[in-house]
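Engineer: After the sequence you'll find the predicted model.
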Amino acid sequence: MSRADLTLFSHLVLVLVGPGGAGPHDLVRMARQGRIYADFAESQWYAEPKRLEKLGYFSSRREPGRTRERTHYTLTERGAQAVRDWMREPARFSRVQMEPAWRLLAADLVDDETVLRSLEALREQIAELFAQLDAAEAIARSIPHKERYLLLNHALARRIVEAHAEWLDEVERQLGA
(Lines give C-alpha, C1' and ligand atoms only; values in the text may rest on other atoms or scores of the structure.)
Protein backbone atom coordinates (compact mmCIF):
# COMPACT_ATOMS: atom_id res chain seq x y z
CA MET A 1 0.00 0.00 0.00
CA SER A 2 1.24 3.48 -0.80
CA ARG A 3 2.60 5.34 2.17
CA ALA A 4 1.01 8.63 3.25
CA ASP A 5 4.38 10.41 3.09
CA LEU A 6 4.86 9.49 -0.58
CA THR A 7 3.21 11.31 -3.46
CA LEU A 8 3.14 10.32 -7.11
CA PHE A 9 6.13 12.64 -7.57
CA SER A 10 7.93 10.87 -4.69
CA HIS A 11 7.46 7.55 -6.45
CA LEU A 12 8.77 9.03 -9.69
CA VAL A 13 11.91 10.22 -7.90
CA LEU A 14 12.36 6.81 -6.24
CA VAL A 15 12.06 5.06 -9.61
CA LEU A 16 14.42 7.44 -11.41
CA VAL A 17 17.08 7.15 -8.72
CA GLY A 18 16.56 3.40 -8.87
CA PRO A 19 19.11 0.81 -7.82
CA GLY A 20 22.00 2.58 -9.59
CA GLY A 21 21.48 5.90 -7.85
CA ALA A 22 21.38 9.44 -9.15
CA GLY A 23 21.92 13.00 -8.08
CA PRO A 24 19.49 15.90 -8.35
CA HIS A 25 21.42 17.18 -11.38
CA ASP A 26 20.79 13.79 -13.04
CA LEU A 27 17.10 14.02 -12.17
CA VAL A 28 16.87 17.50 -13.69
CA ARG A 29 18.56 16.24 -16.88
CA MET A 30 16.15 13.30 -17.08
CA ALA A 31 13.21 15.63 -16.42
CA ARG A 32 14.24 17.92 -19.26
CA GLN A 33 14.54 14.95 -21.60
CA GLY A 34 11.25 13.49 -20.42
CA ARG A 35 9.15 16.60 -20.04
CA ILE A 36 6.38 14.97 -22.03
CA TYR A 37 5.86 12.55 -19.12
CA ALA A 38 5.88 15.05 -16.27
CA ASP A 39 6.71 18.69 -15.85
CA PHE A 40 7.80 19.70 -12.37
CA ALA A 41 9.80 22.71 -11.24
CA GLU A 42 13.57 22.17 -11.15
CA SER A 43 13.57 23.06 -7.46
CA GLN A 44 11.36 20.03 -6.74
CA TRP A 45 13.97 17.69 -8.23
CA TYR A 46 16.47 19.05 -5.70
CA ALA A 47 14.15 19.18 -2.69
CA GLU A 48 12.40 15.82 -2.96
CA PRO A 49 15.52 13.61 -2.71
CA LYS A 50 16.53 15.47 0.47
CA ARG A 51 13.06 14.91 1.92
CA LEU A 52 13.12 11.23 0.95
CA GLU A 53 16.52 10.81 2.56
CA LYS A 54 15.25 12.30 5.84
CA LEU A 55 12.40 9.78 5.71
CA GLY A 56 14.81 6.87 5.19
CA TYR A 57 14.04 6.08 1.54
CA PHE A 58 17.47 7.19 0.28
CA SER A 59 21.00 7.28 1.52
CA SER A 60 23.49 9.73 0.06
CA ARG A 61 27.16 10.30 -0.43
CA ARG A 62 29.18 13.21 -1.77
CA GLU A 63 30.95 12.74 -5.10
CA PRO A 64 33.22 15.00 -7.11
CA GLY A 65 31.47 17.07 -9.76
CA ARG A 66 32.72 19.31 -12.55
CA THR A 67 32.89 22.42 -10.38
CA ARG A 68 32.01 21.22 -6.87
CA GLU A 69 30.95 18.14 -4.94
CA ARG A 70 27.56 16.69 -5.73
CA THR A 71 25.16 14.57 -3.76
CA HIS A 72 24.48 11.09 -5.11
CA TYR A 73 21.42 9.29 -3.74
CA THR A 74 20.76 5.56 -3.67
CA LEU A 75 17.68 3.63 -2.63
CA THR A 76 17.68 2.14 0.82
CA GLU A 77 15.83 -1.11 1.46
CA ARG A 78 12.93 1.03 2.69
CA GLY A 79 12.95 2.92 -0.62
CA ALA A 80 13.08 -0.26 -2.67
CA GLN A 81 10.21 -1.70 -0.61
CA ALA A 82 8.17 1.46 -1.17
CA VAL A 83 8.59 1.01 -4.94
CA ARG A 84 7.63 -2.67 -4.72
CA ASP A 85 4.54 -1.80 -2.65
CA TRP A 86 3.54 0.96 -5.07
CA MET A 87 3.94 -1.38 -8.04
CA ARG A 88 1.46 -3.82 -6.47
CA GLU A 89 -1.22 -1.12 -6.53
CA PRO A 90 -3.41 -0.73 -9.62
CA ALA A 91 -2.37 2.07 -11.97
CA ARG A 92 -4.80 4.92 -12.51
CA PHE A 93 -5.45 6.73 -15.75
CA SER A 94 -2.96 9.56 -16.14
CA ARG A 95 -3.96 13.00 -14.99
CA VAL A 96 -3.58 15.21 -18.00
CA GLN A 97 -3.55 18.98 -17.98
CA MET A 98 -4.51 20.06 -21.46
CA GLU A 99 -4.03 23.80 -21.78
CA PRO A 100 -4.86 23.77 -25.51
CA ALA A 101 -8.28 22.26 -24.74
CA TRP A 102 -8.86 24.87 -22.05
CA ARG A 103 -8.04 27.59 -24.56
CA LEU A 104 -10.57 26.15 -26.98
CA LEU A 105 -13.18 26.36 -24.21
CA ALA A 106 -12.57 30.12 -24.16
CA ALA A 107 -13.36 30.39 -27.88
CA ASP A 108 -16.82 31.80 -27.22
CA LEU A 109 -15.14 34.81 -25.57
CA VAL A 110 -12.92 35.70 -28.55
CA ASP A 111 -13.01 35.20 -32.30
CA ASP A 112 -11.82 32.02 -34.04
CA GLU A 113 -8.76 33.78 -35.48
CA THR A 114 -7.57 34.63 -31.95
CA VAL A 115 -8.02 31.00 -30.89
CA LEU A 116 -6.03 29.77 -33.87
CA ARG A 117 -3.21 32.28 -33.20
CA SER A 118 -3.16 31.14 -29.59
CA LEU A 119 -2.75 27.51 -30.65
CA GLU A 120 -0.31 27.96 -33.55
CA ALA A 121 2.78 27.73 -31.29
CA LEU A 122 1.82 24.12 -30.65
CA ARG A 123 3.17 23.16 -34.09
CA GLU A 124 6.71 24.10 -33.07
CA GLN A 125 6.35 22.42 -29.68
CA ILE A 126 5.01 19.24 -31.30
CA ALA A 127 8.02 19.19 -33.65
CA GLU A 128 10.35 19.65 -30.65
CA LEU A 129 8.64 16.80 -28.79
CA PHE A 130 9.00 14.48 -31.77
CA ALA A 131 12.71 15.36 -31.95
CA GLN A 132 13.07 14.73 -28.20
CA LEU A 133 11.35 11.37 -28.58
CA ASP A 134 13.71 10.45 -31.43
CA ALA A 135 16.65 11.28 -29.14
CA ALA A 136 15.06 9.44 -26.20
CA GLU A 137 14.63 6.32 -28.30
CA ALA A 138 18.31 6.43 -29.26
CA ILE A 139 19.29 6.87 -25.61
CA ALA A 140 17.02 3.97 -24.60
CA ARG A 141 18.96 1.66 -26.89
CA SER A 142 22.10 2.46 -24.88
CA ILE A 143 20.51 1.31 -21.59
CA PRO A 144 20.01 -2.43 -22.09
CA HIS A 145 18.38 -3.17 -18.72
CA LYS A 146 15.69 -0.50 -19.32
CA GLU A 147 15.51 -0.40 -23.13
CA ARG A 148 12.29 -2.39 -23.51
CA TYR A 149 10.45 -0.35 -20.87
CA LEU A 150 11.72 3.01 -22.11
CA LEU A 151 10.75 2.21 -25.70
CA LEU A 152 7.25 1.21 -24.60
CA ASN A 153 6.91 4.51 -22.71
CA HIS A 154 8.22 6.45 -25.69
CA ALA A 155 5.68 4.71 -27.94
CA LEU A 156 2.88 5.94 -25.67
CA ALA A 157 4.34 9.45 -25.59
CA ARG A 158 4.64 9.47 -29.38
CA ARG A 159 0.95 8.53 -29.67
CA ILE A 160 0.00 11.35 -27.31
CA VAL A 161 1.99 13.87 -29.37
CA GLU A 162 0.46 12.49 -32.58
CA ALA A 163 -3.01 12.85 -31.05
CA HIS A 164 -2.28 16.52 -30.28
CA ALA A 165 -1.11 17.09 -33.87
CA GLU A 166 -4.23 15.45 -35.27
CA TRP A 167 -6.46 17.41 -32.87
CA LEU A 168 -4.76 20.65 -33.90
CA ASP A 169 -5.35 19.77 -37.57
CA GLU A 170 -9.04 19.25 -36.79
CA VAL A 171 -9.34 22.53 -34.85
CA GLU A 172 -7.67 24.41 -37.70
CA ARG A 173 -10.03 22.80 -40.25
CA GLN A 174 -13.09 23.61 -38.17
CA LEU A 175 -12.19 27.16 -37.07
CA GLY A 176 -10.33 28.15 -40.20
CA ALA A 177 -13.25 27.33 -42.49
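Structural biologist: Okay, I see it. Computed from a predicted structure; not experimentally measured.
Engineer: Doesn't His72 belong to a strand?
Structural biologist: Yes. Judged by DSSP: H, G, I helix; E, B strand; the rest coil, His72 forms part of a strand.
Engineer: That one touches Gly23, doesn't it?
Structural biologist: Yes. Proximity of His72 to Gly23 meets the contact threshold set by CB atoms under 8 Å, at 4.9 Å. Glycine gets a C-beta too; all of them are placed from N, C-alpha and C.
Engineer: Between those two, which contacts overlap?
Structural biologist: Glu63 (CB atoms under 8 Å, 6 or more residues apart in numbering).
Engineer: For the closest residue to Arg70 other than its chain neighbours, give me the backbone phi and psi.
Structural biologist: Among residues not flanking Arg70 along the chain, Gly23 sits closest, at 4.9 Å (CB to CB, 6 or more residues apart in numbering). Backbone dihedrals for Gly23, given as degrees, to the nearest 10, come out at phi -110, psi 170.
Engineer: Quick one: neighbours of Gly23, just the number.
Structural biologist: Number of residues near Gly23 (other CB atoms under 10 Å) recorded here: 21.
Engineer: Ok, Ala80 next?
Structural biologist: 15.
Engineer: wait, is it part of a helix?
Structural biologist: Yes. Assigned with three-state DSSP, Ala80 falls within a helix.
Engineer: Using the three-state scheme, assign the closest residue to it other than its chain neighbours.
Structural biologist: With CB to CB, 6+ apart as the criterion, Ala80 has its nearest non-adjacent residue at 7.4 Å, and that residue is Pro19. For Pro19, the secondary-structure state derived from three-state DSSP is coil.
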